[in-house]
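Chemist: Quick one, structure for this:
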Amino acid sequence: IKCSSYNSGGTSIYSWTKNGHLLPTKTKRERYDTLYLTGSLLRVSGLSKSANYSCLVQDRTTKSEMSVSVIVVDKKRIKTCPKHFQSNVTWPETAPGYDSIQNCPQGYTGVAKRMCIMLDGNNPQWDKPDMSECLSTSMGVIITDFEYLLLGYEAATPLQILNRTVAYLNTGIKLLEGEGSVTIKLISNIISYINKSNSSTGTKNICETALAVVDKLLLQNDSLIKEAQVSELQQTVKRLLSLCKRFLPLIDTFAYDGVSLVADIQPINKLTNFKNDLITRSTRITFELTFIEEDKQYLNSFVSARYFNLKKFLPPRSVLRINDSEFDYVIASDILAAWYINDEKEIEFSQNFSLNIQFLLDNYVPFHQRNFSCVRADLAPFGYYWNRKSCDSTIINETTINCKCHQFGTFAVIATGDTSLEFETSIKTPHRIVILMGCSICLLLTVFSALLLVFHWIFHQNCITYLKSQCCCSIIGAMTVFILVQTHNIKNV
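Modeler: Next up, the predicted model:
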């Protein structure tokens, strides 16, 4: 186990603990050496049970500690994830339920994590690598300049920092798994900086450039891999548009039209019967306000963000709870977020307004095999938290569904009902063969028994023979029905 401290200059002191107890330089099973200028190396061998090792680094003014677990398992009883090379990182053999922590690939600083997960209680499998703590050299320079800005040194303006981020993403580099969260945190910190400094200089350009960064991230499907990261992206877009509204002139609109993201800010410029109709690609939004207070005119705005491929960052299939039951669903449309905000905050109300959204359904979802519903959530979730009661659904035709919603938030159309036929076939084929063989053998034996009983009835008529013949006929009928159902894919039987 190697422990190192960046930029220590060889002045740091390293020590190790095992399960909270200080380790001497050498024991029967452990030994550590100091690597000049680079850190300390701990060698462990012959452990009979799992242990937790911690590296303590300290210099004259500060100290830090990081821990790592060494897991001991019985390989005859517990399967492990084998050694694997992915994302330019070699992942060593790891016990199920634990993270493998490695250095980030060359050209990056930080640590990468990858969990060994159990699929069915018996077969472990590697999860996706998590590179959200890996910082590339280029992004490191950009973030350092922003940190200088926070300290009062104007190494670069927020707009220049965002422009350099767009230039970095435009180089065609493929982001590591989860690496996009570093960029989202940078945008979020820039928003906080502008709000704190109360500076409106170039705010509109800052918003457009920041949305362009988000647009670039949404084009790379592995840039965000966790629900928290996807939620942070949506929350950052919401904060960004609120910031833009705050510093826009009262009567000005704002629009961003990207490849994977479209955003709008529309000021409320009528006291009564305000109506706004937005049509963008596969989504049409109609927002109508019947009354607004006079002192709020122009201060309030209708804000929307339409994500055309955000669903690619969500699980392809998930579960929704309906009346204490769970149903599989897929997202069958784009995802829309809509808010009603003023200069200070988002406004929540449930009267005097109407929000109608027309979603175009995805082509790959079979219309006649699904039930379609409009759903709402605060932010697009991985599962469970979509609410079907916030919107009324009206199917216009096989490609369009209208959603009339009573709250603002994030909206989509989900498809529930029959699961994928491909998955059913691949999962149930072995079971079907067993059922067919069992029913066929039972049918043949019962027919043979019935024939013997018929001959016996001809010569010896009695109650027992009659009852046995009746039982054979019932079994023959039941087996015939089972075989017909399994061979002809008869549904709802």
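Chemist: Tell me the spacing between T480 and R432.
Modeler: Look at T480 and R432: by CB to CB, to the nearest Å, they are 16 Å apart. For glycine as for every other residue, the C-beta is placed from the backbone atoms N, C-alpha and C.
Chemist: Please apply the same query to R321.
Modeler: Using CB to CB, we find R321 at a distance of 30 Å from R432.
Chemist: Name the residues that touch stretch 87-103?
Modeler: Contact partners of stretch 87-103, identified using CB atoms under 8 Å, 6 or more residues apart in numbering, comprise 68-69, 71, 73, 78-85, 104-106, 111-118, 124, 126, 129, 131, 176-177.
Chemist: With stretch 207-218 instead?
Modeler: Residues outside stretch 207-218 that contact it (CB under 8 Å, 6+ apart): 159, 162-163, 165-166, 169-170, 175, 180, 183-184, 187, 190-191, 223-224, 233, 236-237, 240-241, 243-244, 254, 256, 258-261, 263, 307, 309-310, 313.
Chemist: swap the cut-off to 7 Å and go again
Modeler: Outside stretch 207-218, the residues that touch it by CB atoms under 7 Å, 6 or more residues apart in numbering are 159, 162-163, 165-166, 169, 180, 183, 187, 223-224, 233, 237, 240, 243-244, 254, 256, 258-261, 263, 307, 309-310.
Chemist: now these: which count as buried?
Modeler: Burial by neighbour count, 16 or more other CB atoms under 10 Å: within the contacts of stretch 207-218 this picks out 159, 162-163, 165, 169, 180, 183, 187, 223-224, 233, 237, 240, 243-244, 254, 256, 258, 260-261, 263, 307, 310.
Chemist: Out of those, name the ones that lie in helices.
Modeler: Using DSSP state H, the members of the buried ones among the contacts of stretch 207-218 that fall in helices are 159, 162-163, 165, 169, 180, 183, 187, 233, 237, 240, 243-244.
Chemist: Of those residues, just say which sits nearest to N402.
Modeler: V237 (24.8 Å; CB to CB).
Chemist: quick one: contacts for the closest one?
Modeler: Applying CB under 7 Å, 6+ apart, we find V237 in contact with 214, 305.
Chemist: Check it and give its pLDDT.
Modeler: pLDDT for V237: 96.
Chemist: what does T94 give?
Modeler: Per-residue pLDDT puts T94 at 92.
Chemist: if I look at it, how far off is D74?
Modeler: To D74, T94 is 15 Å away according to CB to CB.
Chemist: next one: S67
Modeler: Counting by CB to CB - S67 and D74 are separated by 24 Å.
Chemist: ok, those two, which is more surrounded?
Modeler: Neighbour count, other CB atoms under 10 Å: between S67 and D74, S67 has more, with 11 against 6.
Chemist: Please name the spatially closest residue to the more buried one (chain neighbours excluded).
Modeler: S54 (4.3 Å; CB to CB, 6 or more residues apart in numbering).
Chemist: which stretches of the stretch 351-493 of the chain form strands?
Modeler: For the stretch 351-493 of the chain, the strands defined by DSSP state E, counting those that start in this stretch cover 353-360, 370-377, 391-395, 400-405, 409-417.
Chemist: could those go into JSON lines alongside mean neighbour count and distance to Y98?
Modeler: As requested, the strands of the stretch 351-493 of the chain are exported to JSON lines (neighbours: other CB atoms under 10 Å; distance: least, CB to CB, whole Å):
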{"stretch": "strand 353-360", "mean neighbour count": "19", "distance to Y98": "42"}
{"stretch": "strand 370-377", "mean neighbour count": "20", "distance to Y98": "32"}
{"stretch": "strand 391-395", "mean neighbour count": "16", "distance to Y98": "42"}
{"stretch": "strand 400-405", "mean neighbour count": "19", "distance to Y98": "44"}
{"stretch": "strand 409-417", "mean neighbour count": "22", "distance to Y98": "34"}
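Chemist: Out of those strands, the one nearest E288 is which?
Modeler: Ranking the strands of the stretch 351-493 of the chain by distance to E288, with CB to CB as the measure, places strand 353-360 first at 4.5 Å.
Chemist: any residues touching the closest one, and which ones?
Modeler: Residues contacting strand 353-360 (CB under 7 Å, 6+ apart): 282-290, 333-334, 336, 338, 399-405, 411, 413.
Chemist: With only the CA atoms kept, save stretch 219-238 in CSV.
Modeler: The C-alpha coordinates for stretch 219-238 follow below in CSV (Å, rounded to 0.1, in the frame of the first residue of the first chain):
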residue,chain,number,x,y,z
LEU,A,219,-23.4,14.6,-25.2
GLN,A,220,-21.1,12.1,-23.3
ASN,A,221,-23.2,9.4,-21.7
ASP,A,222,-20.6,8.4,-19.1
SER,A,223,-19.7,11.9,-17.9
LEU,A,224,-22.2,11.5,-15.0
ILE,A,225,-22.8,8.0,-13.6
LYS,A,226,-24.6,8.5,-10.2
GLU,A,227,-28.0,9.8,-9.3
ALA,A,228,-26.4,12.5,-7.1
GLN,A,229,-24.4,13.8,-10.1
VAL,A,230,-27.4,13.9,-12.4
SER,A,231,-29.4,15.7,-9.8
GLU,A,232,-26.6,18.2,-9.2
LEU,A,233,-26.6,18.9,-13.0
GLN,A,234,-30.3,19.7,-13.0
GLN,A,235,-30.0,21.8,-9.9
THR,A,236,-27.1,23.7,-11.4
VAL,A,237,-29.1,24.5,-14.6
LYS,A,238,-32.0,25.8,-12.4
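Chemist: Buried residues in it, which are they?
Modeler: Quick answer for stretch 219-238 (16+ other CB under 10 Å): 220, 222-227, 229-234, 236-238.
Chemist: Which positions within stretch 185-198 qualify as buried?
Modeler: Residues 186-191, 194 are the ones in stretch 185-198 that count as buried (16+ other CB under 10 Å).
Chemist: In a markdown table, list these along with pLDDT.
Modeler: Formatted as a markdown table, the buried residues of stretch 185-198 follow (pLDDT from 0 to 100):
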| residue | pLDDT |
| --- | --- |
| L186 | 96 |
| I187 | 96 |
| S188 | 96 |
| N189 | 96 |
| I190 | 95 |
| I191 | 94 |
| I194 | 92 |
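Chemist: closest to T62 among these?
Modeler: Top of the list for closeness to T62, among these and by CB to CB, is N189 at 23.2 Å.
Chemist: And that closest one, its phi and psi?
Modeler: Torsion angles at N189 (phi, psi; degrees, to the nearest 10) stand at phi -70, psi -40.
Chemist: excluding its backbone neighbours, what's nearest it?
Modeler: Of all residues not flanking N189 in the chain, F146 sits nearest, at 6.9 Å (CB to CB, 6+ apart).
Chemist: No further questions, thank you.
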